[in-house]
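Participant: Kindly generate the corresponding structure for this input.
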Amino acid sequence: MGSMEEALLLKPPPSVVVCHHAAAAEAAAEACHHDGCPGCAMDRRKVSLRGSIPYKELFYVGATSLAASLPITCLFPFMYFMVRDFHIAKTEEDIGSYAGFLAASYMIGRAITSIFWGVASDRLGRKPVIVFAMLSVVILQTLFGLSTKYWMAIAARLLLGSLNGILGPVKAYAIEVCPTEHQALGISIVSTMWGFGVVIGPGLGGYLSQPAEKYPQIFSNESVLGRFPYLLPCLVVSFFAAVVLISCIWLPETIHKHKITEKDIRIVKALPSQKSHWGLPRKRSLLQNWPWMSTLASYCLFGLHETAYSEILSIWAVSDRKYGGLTFTSGDIGQVLSMADLIHFSPCYVPLYDILVWSKTFFRTVLCSYDEECTWNYY
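Facilitator: Take a look at the predicted model:
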């Protein structure tokens with residue numbers, strides 16, 4: 001028998017290799033375990049799953065992602081009317097500028113503090129940062145709905161964006177609670193629930209704002225929701241965030257709370273699945289990591305496209321037709337944004353997005369341009 005045949009006979013089958021790696025990982029997790037450390041407990045749980053999907057942890061990931069996305073998009077359908085009611089703009093043409101600053105204040109706060117919250121989650125843990133973010137949504141979203149002055153609304157949105165730095169920590173949490181083969185699923189849960197928030201948020205803002213005008217048989221102008229016409233959608237978002245906040249009591253932590261010993265380092269280095277990572281060259285700066293930079297650039301462009309579309313369409317469509325707008329109501333904008341974002345986050349995004357959204361807007365614009373008393377229903 002030749003050397004090649006002997007090598008094939010001596011080589012273990014793939015199933016044996018996988019079992020060997022799983023056994024080594026289980027033995028390493030047991031050897032590195034420290035009592036009272038939540039990170040070690042999570043490592044042991046991932047080993048005990050033996051390739052299964054951690055449904056409980058992914059439920060928390062999805063719920064927190066949805067609760068964090070709703071405050072961003074529920075504003076768009078009514079922000080024009082909210083600024084108009086503040087009487088801050090000297091002319092009707094200036095309302096769009098003030099509405100743009102109001103919408104941008106949230107993202108300004110998030111851009112300033114996102115790195116800080118990522119570092120804080122590494123130091124303090126994922127759970128405290130997630131809990132604090134949910135608490136900020138409950139309080140500040142309600143205060144935003146109670147705003148009676150423009151500066152109050154700006155301050156509430158700016159603080160909400162600054163204190164709700166959950167996107168980075170929740171993605172890290174999704175990776176840390178999943179076995180290696182399911183980490184992509186964990187990240188996709190974050191994106192999926194964020195997409196659901198982008199679809200649901202405009203619907204909430206559009207249908208629930210100004211309830212005394214839309215549903216006079218239920219809400220009177222003298223009621224609390226009549227005096228604060230934009231409070232109801234904010235209360236719904238705050239209520240959902242409060243439910244998620246209460247459920248975070250059972251949210252398991254994933255950060256290790258013990259010091260790394262030399263024994264732990266030797267055990268990790270001995271893991272077969274980790275051998276290929278120790279010899280990789282390290283970049284001095286993230287700016288020199290071109291794959292990471294290209295991913296960052298595409299992510300930024302996608303975010304710019306999505307946010308700019310929602311804000312510009314909202315301001316343009318509600319403007320009077322004499323300024324080139326469509327005189328939409330907040331309900332119209334909520335329905336258009338929800339349907340457009342539903343198509344946007346579906347697999348058939350590209351063709352249907354243009355056909356179903358922009359064609360309807362175009363035909364309405366053309367028809368109304370020939371009829372000053374146009375009452376044609378967009379839907």
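
Participant: where in the protein is pLDDT low?
Facilitator: Where the chain drops to pLDDT under 70, the residues are 1-35, 39, 258-284, 344-379.

Participant: Let's see that with 80 instead.
Facilitator: 1-36, 38-47, 49-51, 256-289, 292, 299, 303, 306, 323-324, 340-379 (pLDDT under 80).

Participant: list the buried ones in the helix or strand harbouring Phe59?
Facilitator: If you go by DSSP states H and E, Phe59 is part of helix 55-73. Residues 57-58, 60-73 are the ones in helix 55-73 that count as buried (16 or more other C-beta atoms under 10 Å). In this view, the C-beta of every residue, glycine as well, is placed from N, C-alpha and C.

Participant: Now do it: distance to the chain's middle.
Facilitator: Distance of helix 55-73 from the chain centroid (C-alpha atoms, centre = their mean, to the nearest Å) equals 7 Å.

Participant: again, but for stretch 186-198
Facilitator: Using C-alpha atoms, centre = their mean, the offset of stretch 186-198 from its chain centre is 7 Å.

Participant: Can you give me the buried ones in it?
Facilitator: Of the residues in stretch 186-198, those buried (16+ other C-beta under 10 Å) are 186, 189-190, 193-198.

Participant: ditto for stretch 240-253
Facilitator: Across stretch 240-253, burial judged by 16+ other C-beta under 10 Å covers 240-242, 244-245, 248, 251-253.

Participant: can you put the residues you listed in CSV and add distance to Glu222?
Facilitator: CSV is the format used below for these (distance: C-beta to C-beta, whole Å):
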residue, distance to Glu222
Phe240, 28
Ala241, 29
Ala242, 27
Val244, 33
Leu245, 32
Cys248, 38
Leu251, 42
Pro252, 48
Glu253, 48
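
Participant: If you count contacts, what does the helix holding Phe59 end up packed against?
Facilitator: Contacts defined by 3 or more C-beta pairs under 8 Å, 6 or more residues apart in numbering; DSSP states H and E place helix 55-73 against helix 126-145, helix 167-176, helix 183-208, helix 231-247.

Participant: Pro128: neighbour count?
Facilitator: Other residues near Pro128 come to 16 when the count uses other C-beta atoms under 10 Å.

Participant: ok, now Ile115?
Facilitator: Ile115 sits with 11 neighbouring residues when counted by other C-beta under 10 Å.

Participant: helix, strand or coil for it?
Facilitator: Assigned by DSSP: H, G, I helix; E, B strand; the rest coil, the conformation of Ile115 is helix.

Participant: Pull up the gap between it and Pro169, please.
Facilitator: According to C-beta to C-beta, to the nearest Å, Ile115 and Pro169 sit 12 Å apart.

Participant: go on, Ile53?
Facilitator: For Ile53 relative to Pro169 (C-beta to C-beta), the value is 21 Å.

Participant: quick one, which of these two is more surrounded?
Facilitator: Pro169 (24 against 14).

Participant: out of everything not next to it in sequence, what's closest to the more buried one?
Facilitator: Ser121 (3.9 Å; C-beta to C-beta, 6 or more residues apart in numbering).

Participant: Please list the residues outside stretch 152-159 that contact it.
Facilitator: For stretch 152-159, the external contacting residues (C-beta atoms under 8 Å, 6 or more residues apart in numbering) are 75, 82, 86, 101-102, 105-106, 108-109, 136, 140-141, 143-144, 147.

Participant: Whichever of those residues end up buried, select them in PyMOL.
Facilitator: Buried subset of those, written as a PyMOL selection, criterion 16+ other C-beta under 10 Å:
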select buried, resi 75+82+86+102+105+106+109+136+140+141+143+144+147
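
Participant: Ala297: which of the contacts of stretch 152-159 is nearest?
Facilitator: Nearest to Ala297 out of the contacts of stretch 152-159 is Ile108 (C-beta to C-beta; 20.6 Å).

Participant: Now that closest one: which helix or strand?
Facilitator: Using DSSP H and E, Ile108 falls in helix 95-124.

Participant: I'd like to know which elements that helix is packed against.
Facilitator: Here helix 95-124 touches helix 79-86, helix 126-145, helix 150-163, helix 167-176, helix 290-318, going by 3+ C-beta pairs under 8 Å, 6+ apart.
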